[in-house]
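Colleague: Quick one, structure for this:
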Amino acid sequence: MPQLGESIAEATVRDIKIEIGQQVTADEDLLEVETEKAMMEVTTPCPGKILEIIAEVDISYPVGATLGYLEATEEYAEKNLQIEETFDSEEEQSNFAESNQIDANEPNKSLSVTPTIEGLPVPAKASGAKYISPRLRARMEELGLNTADLAGIAGSGAGGRVTVEDFESFMHELETKKTSPASSMRIAVADSMRRSWSRPLATVGSPVKLDSLLEHRKSSTPKPGPTIYAIRALALALSERTASAGRLVGNQIIHPDSIDIGFAVEVDDGVLVPVIRKVDQIPLKDLVGQYSSLVDAAKKRRLPKEASTPPGIATVTNFGTFGIVWATPIPLPEQNIVLGLGFGQQKPSWDKENECWTPVVEAELTLSFDHRILDGGGAGRLLSRIAELLQSPEDL
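Modeller: Below you'll find the predicted structure:
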C-alpha cells in the first residue's frame, strides 16, 4: 500500500481492476481504495505481469502492506523498486513481507507498519496527554480515545487531574445518552483540527468592496465565482512574499517552491480541500474549468491524487455561501494561512468625489495565520494586498 497522503496511514480496498496473468503498463490503475477522505487509485510502478493478488475487497491495509506481486524486467526493477539494504538475507526479507500481509483468518487484525514517509502528523488515536496516569492512559488506549475526548471531564484528583474513577463515571454517563457513530470523514476532520489548534493561531479581518469584481465577472467568459478570484489574488500576494506561507523548522523559515492553493468544498459530514498547483502562473479565466472539475470530484469523493497530495501552502474558504458575514477559519495542520470570504452585503459608502453616500457591495475578508510565522502587521499587509488585487480584477 503506497503512501497516499501525509496524514493517511491506511486505506480500504473497494475494487480490484486487474486479474492474475494480466499484462499491465506503467501507471495503470490496479486498485480503487478509500481513505478517510476520498476514493483514490493505486497504480503500477512499471510495466509487467500480475503474478499474485493478495489484496481483498473491503479489507483495510496499512501503508507498506503487500497488496500483490508484479513481474517486471530487471531494468525496471532497479529503476522503480526500492530494495531495503537492511535485510541480511533473502529469508529475512521474505519474513518481513509475510509479516505485512493480512491473514485470511484474521482480516480485521491491526497491523503495525511504519509509514514510508517519516514525520507524519499525529494520528487520531495517538495520545499525547499530560498529567494522565499510566493506568488511565492504558484504559484510554483500550477504548481508542485521545486527550481531547476528556475535555468535558471535571477532574477530582490533585491539581484537577482526571482520575480513573472520574473517567469511568464519565463513560458510564455517556451510555445513558443518545449516540450515533462518527463517520471516518468526521473523525479525520476532528483530528486535523485538533492538531491545528496546537499552534498559536490568530485572525485579522478587513472589509473589501466587490463592485468592480462583480462587474468584471459579468463581462467574463467563462464567469469566475468569487472563490476563484480569491484563490488567484491570494496566490499572487503570496508569490510576492513567499515567507508568509513558509514553514518554521528550527530557526529557519522554509519557503514554498510552488504556489499551490487549496479551497474548501463541503461534502457529506465533512470538508475536502482540493489543490490547484502553481496558481500564480495560471490566468484567471483558465482557473474556472479546473476549479469546477475539482469541486465535482470532491463532492463525489474522487479527487485525483495530484489534487490532494502534497497539500497546498494555503487554503481559501468562502463561508459567505452560508450567509456568514465573519468567521475565524482554522488553517490545516500542514499550512499556516487560510483566507476567508464573507457574505456580500449592500452598504452605504461615502463618495468623496461627489460628496454623497452611494450603495456598494461589501464583504468581510479574513486571514487566519500561524502567529509564529506572521505578526499582526505582516498579516495585515498581506490581507491589504489581497483586497487590493480583488478590487482590480483586471490584474488577475
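Colleague: Now do the buried residues in stretch 240-255.
Modeller: 242, 244, 245, 246, 247 (16 or more other Cβ atoms under 10 Å). Backbone N, C-alpha and C define where each C-beta goes, glycine included.
Colleague: Toward the C-terminus from the helix or strand bottoming out on mean pLDDT in the chain, list the very next helix or strand.
Modeller: Here the helix or strand of the chain ranked lowest by mean pLDDT, DSSP states H and E is helix 90-99, holding a mean of 49. For helix 90-99, the succeeding helix or strand toward the C-terminus, using DSSP states H and E, is helix 134-143.
Colleague: list the helices and strands that following helix packs on?
Modeller: Counting contacts by 3 or more Cβ pairs under 8 Å, 6 or more residues apart in numbering; DSSP states H and E, helix 134-143 packs against helix 164-174.
Colleague: Go through the helix it packs on and flag the buried ones.
Modeller: 166, 167.
Colleague: Could you list every helix and strand in contact with the helix or strand following that helix?
Modeller: The helix or strand immediately downstream of helix 164-174 is helix 184-196, counting by DSSP H and E. Contact partners of helix 184-196 among helices and strands, from 3+ Cβ pairs under 8 Å, 6+ apart: strand 270-272.
Colleague: could you give the mean pLDDT of the helix or strand following the strand it packs on?
Modeller: Remark: after strand 270-272, the chain's next helix or strand is strand 275-276, criterion DSSP H and E. When pLDDT is averaged along strand 275-276, the result is 96.
Colleague: in its sheet, what does strand 275-276 sit against?
Modeller: Strand pairing for strand 275-276, using DSSP bridges, gives strand 261-263 (antiparallel).
Colleague: hmm, who's touching the strand it pairs with?
Modeller: 227, 231, 234-235, 273-276, 279, 291, 294, 311-318, 332, 335 (Cβ atoms under 8 Å, 6 or more residues apart in numbering).
Colleague: Could you do stretch 294-313 as well?
Modeller: Stretch 294-313 has contacts (Cβ under 8 Å, 6+ apart) with 4-6, 34, 37-41, 238, 245, 256, 258-263, 265, 267, 272-277, 332, 334-335, 337.
Colleague: can you check stretch 383-396 too?
Modeller: 204-206, 208-210, 212-213, 216-217, 229-230, 232-234, 236-237, 240, 284, 339, 365-367.
Colleague: Using ChimeraX, define a selection of the buried residues within the residues you listed.
Modeller: Listed next is the ChimeraX selection for buried residues among the contacts of stretch 383-396, using 16+ other Cβ under 10 Å:
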select :204,205,208,209,210,213,216,217,229,230,232,233,234,236,237,284,339,365,366,367
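Colleague: Inside helices: which ones of the contacts of strand 261-263?
Modeller: Under the assignment DSSP state H, the contacts of strand 261-263 contribute 227, 231, 234, 235, 291, 294 to helices.
Colleague: Could you check the pLDDT of the nearest residue to the first one once chain neighbours are set aside?
Modeller: It stands for residue 227. Leaving out its chain neighbours, the residue that sits closest to residue 227 by Cβ to Cβ, 6 or more residues apart in numbering is residue 318, at 4.5 Å. Turning to residue 318, the model gives it a pLDDT of 97.
Colleague: Also residue 132?
Modeller: Here, the pLDDT recorded for residue 132 equals 69.
Colleague: Residue 60 now?
Modeller: Reported pLDDT for residue 60: 88.
Colleague: distance of it from residue 33?
Modeller: From residue 60 across to residue 33, the span is 9 Å (Cβ to Cβ, to the nearest Å).
Colleague: neighbour-wise, which of the two wins?
Modeller: It is residue 33, of residue 60 and residue 33, that has more neighbours when counted by other Cβ atoms under 10 Å, with 24 against 19.
Colleague: Beta-bridge partners for the more buried one, please?
Modeller: Beta-bridge partners recorded for residue 33 (DSSP bridges): residue 13, residue 40.
Colleague: In contact with it: list those residues for me.
Modeller: By Cβ under 8 Å, 6+ apart, the contact set of residue 33 is 1, 4, 11, 12, 13, 14, 39, 40, 41, 42.
Colleague: In a strand, the third one, correct?
Modeller: Yes. If the criterion is DSSP: H, G, I helix; E, B strand; the rest coil, then residue 11 is within a strand.
Colleague: Quick check: closest non-adjacent residue to it.
Modeller: With Cβ to Cβ, 6+ apart as the measure, residue 33 is the residue that lies nearest to residue 11, at 4.0 Å, once sequence neighbours are left out.
Colleague: now that neighbour: how far from residue 240?
Modeller: Residue 33 is 39 Å from residue 240, where distance means Cβ to Cβ.
Colleague: go on, residue 273?
Modeller: Taking Cβ to Cβ, one finds residue 273 at 23 Å from residue 240.
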